[in-house]
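In: here's a sequence, model it:
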Amino acid sequence: MGLNKNLIYLALTDLTSALLAALGLMAVLTGYCAAKPYAFPIPYAVCARLHLDLLPMLLTIAGSLHAIAGFSLWALRVRKGADIYVWAIGIAATGYLVYVSFL
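Out: As a prediction, the model looks like this:
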């Protein structure tokens, strides 16, 4: 008796939601640090690099994974086997978004 796909998708959405909350807080703090560098002990260059280079890519990938897992959970409940198509389309769309936006 293997793991249920519903449990896997629920766990994945829970994990990615916590990750998105932490990354969102980091985005707010690094944005504030970049806007008001005198308020933080971190150099402006570090804040700007984190806010403009690293966090958008991580937020895009984590958000896409969260959306794919949630939509797969819904698709699995509607029709068995439909989650495979959601993952294929979601990964392709995420790859295209990352390619167009960040590279």
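In: the chain: helices as residue ranges?
Out: Secondary structure of the chain by DSSP state H: the helices cover 5-35, 44-49, 55-78, 83-102.
In: give me the contacts around the last one.
Out: In other words, helix 83-102. Residues from elsewhere that reach helix 83-102 (C-beta atoms under 8 Å, 6 or more residues apart in numbering): 5, 9, 56-57, 60-61, 64-65, 67-68, 71-73, 75-76. Glycine gets a C-beta too; all of them are placed from N, C-alpha and C.
In: show me the contacts for the residue nearest the centre of the chain.
Out: Central residue of the chain (C-alpha atoms, centre = their mean): A62, 1.5 Å from the mean position. By C-beta under 8 Å, 6+ apart, the residues touching A62 are T16, L19, L20, L23.
In: what's the spacing between the last one and G63?
Out: Read it as L23. 9 Å (C-beta to C-beta, to the nearest Å).
In: you'd agree N6 is up against W74?
Out: No: with contacts counted by C-beta atoms under 8 Å, N6 stays clear of W74, the gap being 10.6 Å.
In: could you give the number of residues near D83?
Out: Other residues lying near D83 total 24 when counted by other C-beta atoms under 10 Å.
In: nearest residue to it other than its sequence neighbours?
Out: What sits nearest to D83 in space, not counting adjacent residues and going by C-beta to C-beta, 6 or more residues apart in numbering, is S72, at 4.0 Å.
In: run a quick neighbour tally on that neighbour.
Out: 23.
In: check P41 too.
Out: P41: 7 neighbours (other C-beta under 10 Å).
In: same deal with F102?
Out: Neighbours around F102, by other C-beta under 10 Å: 10.
In: same question, Y85
Out: 12.
In: also A67?
Out: The number of residues packed near A67 is 16, by other C-beta under 10 Å.
In: the closest residue to it other than its chain neighbours - how many residues pack around it?
Out: If the residues on either side of it in the chain are set aside, A67 comes closest to G90, at 7.1 Å by C-beta to C-beta, 6+ apart. G90 has 18 neighbours, counted by other C-beta under 10 Å.
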